[in-house]
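**Q** need a structure here:
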Amino acid sequence: MDDSIAQLIPAVEQQLSSQETPYVAETYRRLLEEPDIDEHEAKLMIALCLADESEAMIEKERDFDIVRYQELLGLLPILPG
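**A** Prediction:
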């Protein structure tokens, strides 16, 4: 896995404990219900979605799109790409 994705794990962990991003914790719990997904892998999947939206934000010179981020999270465990 790309190091830049792994560097987003602290941001994901912050989102997991934040009352402002309950949808991240919901996604995390849903992923952990999958038999082949452990805690670390679930966080990496969420980090990949965060990276995808952050990259789109930079490329398109726009603000962070929370709705798009939530849509990406909703697609997991299928990874964006």
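**Q** Any chance you could list what contacts the helix or strand residue 44 falls within?
**A** For residue 44, the element it lies in under DSSP states H and E is helix 39-59. Contacts with helix 39-59, where a contact means CB atoms under 8 Å, 6 or more residues apart in numbering, come from 1, 4-6, 8-9, 11-13, 15-16, 24, 27-28, 31-32, 37, 62-65, 68-69, 72-73, 76-77, 79-81. C-beta coordinates here come from the backbone N, C-alpha and C atoms, glycine included.
**Q** How about that helix, which residues are buried there?
**A** By neighbour count, with 16 or more other CB atoms under 10 Å as the criterion, the buried positions of helix 39-59 are 42-53, 56.
**Q** Quick one: the helices in this structure, in order.
**A** Residue ranges of the helices in the chain, as given by DSSP state H, are 3-6, 9-17, 22-32, 39-59, 66-75.
**Q** name the helices or strands packed onto the second one?
**A** Counting by 3 or more CB pairs under 8 Å, 6 or more residues apart in numbering; DSSP states H and E, the packing neighbours recorded for helix 9-17 are helix 22-32, helix 39-59.
**Q** Now render these as CSV, adding mean pLDDT.
**A** Compiled in CSV, these are given as follows (pLDDT from 0 to 100):
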stretch, mean pLDDT
helix 22-32, 98
helix 39-59, 96
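**Q** Pull up the gap between the spatially most central residue of the chain and residue 61, please.
**A** The C-alpha lying nearest the average C-alpha coordinate of the chain belongs to residue 46 (CA atoms, centre = their mean; 2.3 Å). From residue 46 across to residue 61, the span is 24 Å (CB to CB, to the nearest Å).
**Q** again with residue 11
**A** Remark: distance between residue 11 and residue 61 (CB to CB) = 21 Å.
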